[in-house]
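Peer 1: give me the fold of what follows.
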Amino acid sequence: MTNAKSQAEFTVLFADLAGSTQLYERVGDAIAFRLVEQCLQRARSEIEQRGGRVAKHTGDGLMAVFTDANRAAEAALRVHQAVRDLPLSSGQTIAVRLGFHTGPVVESDNDVFGDTVNVAARLLELASPGRAITSAETARQLEPEWRVLLRPLKPRTLRGVSRVTSPFELVCESPGDLTVVQSVNFEAEEKPELRLYLGAQSVVLDERNPSVRLGRDPASEICVSDTRASRQHARIEFRGDKFVLIDRSSNGTFVAMDDEKEFVLSREEVVLRKHGQLALGRTCVDNPYSIGFVCM
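Peer 2: Residues are numbered from 1 along each chain as shown. Below you'll find the predicted structure:
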């Protein structure tokens, strides 16, 4: 496969290391680079052992292709486990986010292009650290042993994708540690939840855990050690079927939501939508303390 272009069906998988930006800040460029390379090498090895091919690296992540969706699902689980179990120096932690989708792609010069690649990349955006998100198209091709590890999520429109997508989360624990009680119901309703992540840490808000505190206070569920953040900077509450961000700070909360222009919340409230970033006291841009969020 050189310059010639051809079309075939593949499962495209994206993997991205969460927490790498904070890692560079904490331990320095040389050590962080070595740790990130260890994680990526382990991920590549797991992918290749399952018959996948790494097409390219994407910053602190990679894109791989598989001819078999079942191999991709197994690789996603094994990559997660491999990165999680990798002993990192200085007490550091890194988690991996994964997204994969099956469909036709255009092959050229060992790379792949097309709508399938775009959908897989957008599914990655839904994944918080330690999570793998796939599509209904992929789920239908999976064998029963993998389908029972899928959790249906609420249908949504992905950024840059015109049609509605029905995503599924692949449970990233060892199959031997799980008790399977039933197969996936493709029509199941998913209750709203909000996932927040800062580096390799994540918090889930839902009806069972309806609020979270953000700030410098060590008692906060999301503790941000930025001097521009107030001790009790902001909170997020689950109200009905919505997640409401409430600012109570001196410097405001910066919000970049669903690819819209960033704005500042000052002693105000806003309903969080889809996905984006929050930052306490300063812009989200190039901010190692920015908090990612995804509304599921």
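Peer 1: residue ranges in the stretch 101-250 of the chain under the pLDDT threshold?
Peer 2: Residue ranges of the stretch 101-250 of the chain with pLDDT under 70: 173-190, 200-201.
Peer 1: switch the cut-off to 50
Peer 2: For the stretch 101-250 of the chain, the stretches flagged by pLDDT under 50 are 174-189.
Peer 1: which residue ranges of it form helices?
Peer 2: Ranges of helices within the stretch 101-250 of the chain are 115-126, 136-139, 144-147, based on DSSP state H, counting those that start in this stretch.
Peer 1: list of residues touching the second one?
Peer 2: Outside helix 136-139, the residues that touch it by C-beta atoms under 8 Å, 6 or more residues apart in numbering are 11, 69, 72-73, 100-103, 147, 150, 165-168, 184, 186. From N, CA and C alone the C-beta is placed, and that goes for glycine too.
Peer 1: can you pick the most crowded of those?
Peer 2: When neighbours are counted by other C-beta atoms under 10 Å, residue 72 leads the contacts of helix 136-139 with 33 neighbours.
Peer 1: return the host helix or strand of that residue as CSV; C-alpha atoms alone will do.
Peer 2: When elements are assigned from DSSP states H and E, residue 72 belongs to helix 69-85. Presented in CSV, the C-alpha positions along helix 69-85 are these (Å, rounded to 0.1, in the frame of the first residue of the first chain):
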residue,chain,number,x,y,z
ALA,A,69,-14.1,-5.4,15.1
ASN,A,70,-13.7,-8.1,17.8
ARG,A,71,-9.9,-7.7,17.6
ALA,A,72,-10.3,-4.0,18.1
ALA,A,73,-12.5,-4.5,21.1
GLU,A,74,-10.0,-6.8,22.7
ALA,A,75,-7.2,-4.4,21.9
ALA,A,76,-9.1,-1.5,23.5
LEU,A,77,-9.5,-3.5,26.8
ARG,A,78,-5.9,-4.7,26.8
VAL,A,79,-4.4,-1.3,26.0
HIS,A,80,-6.4,0.1,29.0
GLN,A,81,-5.1,-2.7,31.3
ALA,A,82,-1.5,-2.4,30.0
VAL,A,83,-1.3,1.4,30.6
ARG,A,84,-3.1,1.1,34.0
ASP,A,85,-0.7,-1.6,35.1
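Peer 1: which helices and strands sit right next to that helix?
Peer 2: strand 6-18, helix 29-49, strand 61-66, strand 95-108, strand 132-135, helix 136-139, helix 144-147, strand 167-170 (3 or more C-beta pairs under 8 Å, 6 or more residues apart in numbering; DSSP states H and E).
Peer 1: distance from the chain centre to that helix, please.
Peer 2: 14 Å (C-alpha atoms, centre = their mean, to the nearest Å).
Peer 1: so which bits of stretch 259-279 are buried?
Peer 2: Residues of stretch 259-279 classed as buried by neighbour count (16 or more other C-beta atoms under 10 Å): 265, 272, 274, 275, 276, 277, 278, 279.
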